[in-house]
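Visitor: here's my sequence, what's the structure:
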Amino acid sequence: MPFLHETEIRLRARQRAKLEGLSVEDSLASTSRQYASSYDIFLSQTIHDAEIVLGVYDLLAKMGYSVFCDWIAQPEQHRGEVTPANAAFIRYIMGLSESFLFLDTEKADQSKWMCWELGWFDGQNGRVAILPVLSDGQNYYRGREFLGLYPYIELDDEGSLRIVRPPAVGPRGIMIFESPNTRSFARWQKESSDFMRPRAI
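Guide: Numbers count the residues shown, from 1 in each chain. Sure, this is the predicted structure:
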């Protein structure tokens, strides 16, 4: 299947934790906290999705991407409290990141940070995509509300990340699929002019 699904991602997280002889929470806490000079991906997520986040983080890291996830890197910080110091740190790290992935789950709307992070990164860099993790049995993704303005991530036939341009919707509700509709994640990261967003109609 081209999308990530909850069951497989949760299983990946549990397998990683089991190999380490830890709980999911302890596995997250033991993940390397050394900061890099740059990151391929800033992973925007909610603490309410700990198991899903660990599974996605493991998947992306094993694909060879350097990933920043704030509460993996700084578990001692309490992200439930929005403070100027926390915001300044997140802005700094986003400035070191090549791209931004918004981890869209059923609980993503509970985050105080994710929409702010998306808006800031979009204004500064523009290379924003949605990484949906779908419920079992769901085989398509349609970005809710403003998330539908951004391209989203699927897996290609080889299991690599690819970017999908969402359809544009005309004033009469007609959906228009533009070409090219997909692009490899690596190519999308490096291109400066086309972020695979639907064009204005």
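Visitor: quick one, what contacts the closest residue to residue 130 other than its chain neighbours?
Guide: Sequence neighbours aside, residue 152 is the residue nearest to residue 130 in space, at 4.3 Å (criterion: Cβ to Cβ, 6 or more residues apart in numbering). To be clear about C-beta, it is placed using only N, CA and C from the backbone, and glycine gets the same treatment. Each residue near residue 152 by Cβ atoms under 8 Å, 6 or more residues apart in numbering is listed here: 104, 129-132, 141, 143, 163-164, 166.
Visitor: any idea which of the residues you listed is closest to residue 197?
Guide: Of all the contacts of residue 152, the one with the least separation from residue 197 (Cβ to Cβ) is residue 166, at 7.7 Å.
Visitor: quick one, what contacts the closest one?
Guide: Residue 166 neighbours (Cβ under 8 Å, 6+ apart): 143, 148-152, 197-198.
Visitor: how close does it get to residue 173?
Guide: 15 Å (Cβ to Cβ, to the nearest Å).
Visitor: again with residue 64
Guide: Distance from residue 64 to residue 173, by Cβ to Cβ: 41 Å.
Visitor: and what of residue 38?
Guide: For residue 38, the distance to residue 173 - Cβ to Cβ - is 42 Å.
Visitor: neighbour count: these two, which is higher?
Guide: residue 38 (11 against 6; other Cβ atoms under 10 Å).
Visitor: grab the nearest non-local neighbour of the more buried one.
Guide: Leaving aside its sequence neighbours, residue 38 sits nearest to residue 96 (Cβ to Cβ, 6+ apart; 5.0 Å).
Visitor: how about the closest residue to residue 36 other than its chain neighbours, what does it touch?
Guide: Counting by Cβ to Cβ, 6+ apart, residue 36 lies nearest to residue 66, which is 5.6 Å off, once chain neighbours are set aside. Shown in contact with residue 66 (Cβ under 8 Å, 6+ apart): 36, 38-41.
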